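> any chance you can model this:
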Amino acid sequence: MLMLVIHEKFGIVEGLITTVHSYTATQKTVDGPSNKDWRGGRTAATMKNT
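Residues are numbered from 1 along each chain as shown. Model prediction:
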């Protein structure tokens, strides 16, 4: 929403956006097996924007 307002007011030609996500106590720091599902075994560092 913020980028839309800035684009409408000033115009954006190109840009780069960075997101920051915190780790939780149960997230793995390296890939490993998970009893629940395959996503639970992936490291948080490989998180994709959804």
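
> how is residue 20 assigned, secondary-structure-wise?
The local conformation at residue 20, judged by DSSP: H, G, I helix; E, B strand; the rest coil, is coil.

> count the neighbours of it for me.
Burial of residue 20, expressed as a neighbour count using other C-beta atoms under 10 Å, amounts to 4. Quick note: C-beta positions are derived from backbone N, CA and C, even for glycine.

> endpoints of stretch 20-32, how far apart?
Start and end residues of stretch 20-32 are separated by 23 Å (C-alpha to C-alpha, to the nearest Å).

> list the buried residues of that stretch.
Buried residues in stretch 20-32, counting neighbours by 16 or more other C-beta atoms under 10 Å, are absent.

> tell me where this protein has helices.
2-10 (DSSP state H).

> all the strands of it, in order from the start?
Assigned by DSSP state E, the chain shows no strands.

> could you list the low-pLDDT ranges of it?
Filtered on pLDDT under 70, the chain yields the residue ranges 28, 38-50.

> again, only using 50
For the chain, no stretch has pLDDT under 50.

> the nearest residue to residue 6 once chain neighbours are set aside: neighbouring residues, count only.
Leaving out its chain neighbours, the residue that sits closest to residue 6 by C-beta to C-beta, 6 or more residues apart in numbering is residue 12, at 6.4 Å. The tally of other residues near residue 12 (other C-beta under 10 Å) stands at 11.
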